[in-house]
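S.K.: Give me a model of this one.
(one chain, ligands or ions: 1)
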Amino acid sequence: MPQIRRQSGHHVLVVEDSRSVAGLLANKIAELPDLQVRVAGSLAEARAALEEGAEQFFLAVLDLNLPDAPDGEVVPWVLEQGIPALVLTAGVSDDDRDRLIDLGIIDYINKDNPSEIDHVVRSVGRIHRNRNIGVLVVDDSTSARAYLMALLHRYGYRLLEAKDGQSALRLLDEQGDQIHLMLCDQHMPGMDGITLITRVRQRYCRTRLCIIGMSNHGSGILSARQLKAGANDFITRPFLEEEFFVRVNQNVALIELIQEMENAANHDPLTSLFNRRYLADAGQMLHEAARRGGRGLSVILMDLDFFKHINDRFGHFGGDEVLTQVAKVLKARARASDILVRYGGEEFCLVAQDVDQKAAIALAETLRQAVASMEFCLDSECVKLTLSVGVSTRLGSDLEQMLHDADNALYQAKELGRNRVVATPVTDS
Ligand SMILES: Nc1nc2c(ncn2[C@@H]2O[C@H](COP(=O)(O)OP(=O)(O)OP(=O)(O)O)[C@@H](O)[C@H]2O)c(=O)[nH]1
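M.R.: Okay, here's the model as predicted:
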């Protein structure tokens, strides 16, 4: 079988002699983020396209029946160039299907059915995103591991392998943030699949790391036990490659969807900062860690002064633009470990770990000055804005109490004439 190279390009080669199908595909694929399409109407045009460099193409979508290649000759030729291929067919017999799968294509799709065109486009997007999806294959058999890796490689996943449970745990320790899916054999020396799954689940939930257990035909009870131990899914060996890909891709798509939903639930859509809901969870965890570890924690609450005037002058959309710019300025001055939140309409909150009162006041002062030095120009009219800030470093019983203290300090800052930082007394109860 031809060797598929590691894909880094962002171009899709569509080889299709029907102008309408090629045009439809090209338009829909081009709507996907960061993708470009090159259309060829024949094998000769495909050859010409690849003369400019095969590496730019991460995938080819191929028609089996071309004027100068009526028997699918384009398929082995493209695969020999190291480019993975999806094949468009007009009805396919079982023999044709077997022949195509044996050649090493990713999938075949019936182009007569218009809804299948959307399936092609979804697959293209999936394969392009797979370069960012890390898959860990855990199997003690070298040949079984190599087989799984070759299949996943065809789909463009980023791959890691481990020959036993201990090595898998080590890799998760070192590179866990890069691993999204683990495929795990059951029978391995030292640590079996169920024990490994149980241990991994103590650290990673089902929506963060997907696990697919693998068991051999006839051992149904094992798949049930793998699922109970925390696997998201299982695959019985031997399997059809098509089933394998559908299961792997569906599980990865589900994790992506959940992460997208979590992201949306935790962020403010206007400024892309975290929202209050996220602060309640993540901020409280920081508070508990600070209490346990005797560490410092600061809450800095900020409110733009007289923001109503901005809306009155520039309209609500102008006000939105100003809020977005302020968020950027604050973000640029926050550390990666800080939680910066859009707390309310024109209110922002920053929670910073390991910061004592002196440092918190200095940080608040930096943020105040950063906003005060900005100039907002809309409709060729420029205005300046100021920020009142309340700081709390007294840990109190929980984050809620710190926010309450910071709010009192902010109120004082407003009362004292705005554009200033006020901190609460530091003594803890
Ligand atoms: N454009 C825009 N305006 C908002 C948003 N959320 C709140 N506001 C506006 O922010 C203004 C807040 O007004 P006030 O609470 O009176 O406070 P202020 O004018 O900033 O005055 P002080 O806080 O007392 O200095 C109101 O006009 C709100 O409509 C938003 O998402 N976009």
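S.K.: what stretches of the protein score poorly on pLDDT?
M.R.: Applying pLDDT under 70 to the chain flags the ranges 1-7, 217-219, 426-429.
S.K.: Tell me the residues of it that contact the ligand?
M.R.: Within the chain, the residues that sit near the ligand (C-beta under 6 Å from any ligand atom) are 270, 303-308, 311, 316, 319-320, 323, 345-346, 414, 418. All C-beta spots, glycine's among them, are computed from the backbone N, C-alpha and C.
S.K.: just the buried members of these?
M.R.: Asp303, Leu304, Asp305, Phe307, Asn311, Gly319, Leu323, Glu346 (16 or more other C-beta atoms under 10 Å).
S.K.: Closest to Val121 out of those?
M.R.: Using C-beta to C-beta, Leu323 comes nearest to Val121 of these, at 35.9 Å.
S.K.: part of a helix, is that closest one?
M.R.: Yes - assessed with DSSP: H, G, I helix; E, B strand; the rest coil, Leu323 lies in a helix.
S.K.: Switch the buried ones among the residues of the chain next to the ligand over to TSV; also include secondary structure and distance to Asp177.
M.R.: Formatted as TSV, these follow (DSSP: H, G, I helix; E, B strand; the rest coil; distance: C-beta to C-beta, whole Å):
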residue	secondary structure	distance to Asp177
Asp303	strand	35
Leu304	strand	35
Asp305	coil	40
Phe307	helix	38
Asn311	helix	41
Gly319	helix	37
Leu323	helix	31
Glu346	coil	34
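S.K.: ok, so of the residues you listed, who is nearest the ligand?
M.R.: Closest approach to the ligand among those (C-beta to the nearest ligand atom): Gly319, at 2.5 Å.
S.K.: so what's that closest one up against?
M.R.: By C-beta atoms under 8 Å, 6 or more residues apart in numbering, the contact list for Gly319 reads Phe307, Ile310, Asn311.
S.K.: right, and the first one touches Glu346 too?
M.R.: Yes - judged on C-beta atoms under 8 Å, Phe307 makes contact with Glu346 at a distance of 4.1 Å.
S.K.: so is the residue of the stretch 1-150 of the chain found nearest the ligand in a helix, a strand, or just coil?
M.R.: Residue nearest to the ligand within the stretch 1-150 of the chain (C-beta to the nearest ligand atom): Pro33, separated by 26.9 Å. Here Pro33 is coil, with the state taken from three-state DSSP.
S.K.: now Leu257
M.R.: Here Leu257 is helix, with the state taken from three-state DSSP.
S.K.: likewise Ile300?
M.R.: strand.
S.K.: so the closest residue to it other than its chain neighbours is in which element?
M.R.: Closest residue to Ile300 apart from its sequence neighbours, by C-beta to C-beta, 6 or more residues apart in numbering: Leu350 at 4.4 Å. In the assignment (DSSP states H and E), Leu350 maps to strand 347-353.
S.K.: which helices and strands sit right next to that strand?
M.R.: Here strand 347-353 touches helix 284-293, strand 297-304, helix 307-333, strand 339-342, helix 357-372, helix 399-415, going by 3 or more C-beta pairs under 8 Å, 6 or more residues apart in numbering; DSSP states H and E.
S.K.: quick one: strands adjacent to that strand?
M.R.: Note on strand 347-353: by DSSP bridges, its sheet partners are strand 297-304 (antiparallel), strand 339-342 (antiparallel).
S.K.: Need the winner for burial among those strands.
M.R.: For those, the largest average neighbour count (mean count of other C-beta atoms under 10 Å) is found in strand 297-304, namely a mean of 26.
S.K.: which residues does the residue in the stretch 101-250 of the chain that the ligand sits nearest to contact?
M.R.: In the stretch 101-250 of the chain, the residue that lies nearest the ligand is Thr207 (30.1 Å; C-beta to the nearest ligand atom). Going by C-beta under 8 Å, 6+ apart, Thr207 touches Ile255, Ile258, Gln259, Glu262.
S.K.: ok, now Ala290?
M.R.: Gly296, Leu297, Gln353, Leu395.
S.K.: just to revisit the earlier point, tabulate the helices and strands packed on strand 347-353 (a markdown table), appending distance to Arg237.
M.R.: What follows is those, written out as a markdown table (distance: least, C-beta to C-beta, whole Å):
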| stretch | distance to Arg237 |
| --- | --- |
| helix 284-293 | 41 |
| strand 297-304 | 51 |
| helix 307-333 | 49 |
| strand 339-342 | 45 |
| helix 357-372 | 57 |
| helix 399-415 | 49 |
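S.K.: Of these, flag the one that's most buried.
M.R.: For these, the largest average neighbour count (mean count of other C-beta under 10 Å) is found in strand 297-304, namely a mean of 26.
S.K.: Setting aside sequence neighbours, what's the nearest residue to Pro201?
M.R.: One thing to correct before we go on: residue 201 is Arg, not Pro. Arg201's closest residue in space is Gly230 (C-beta to C-beta, 6+ apart), at 3.5 Å.
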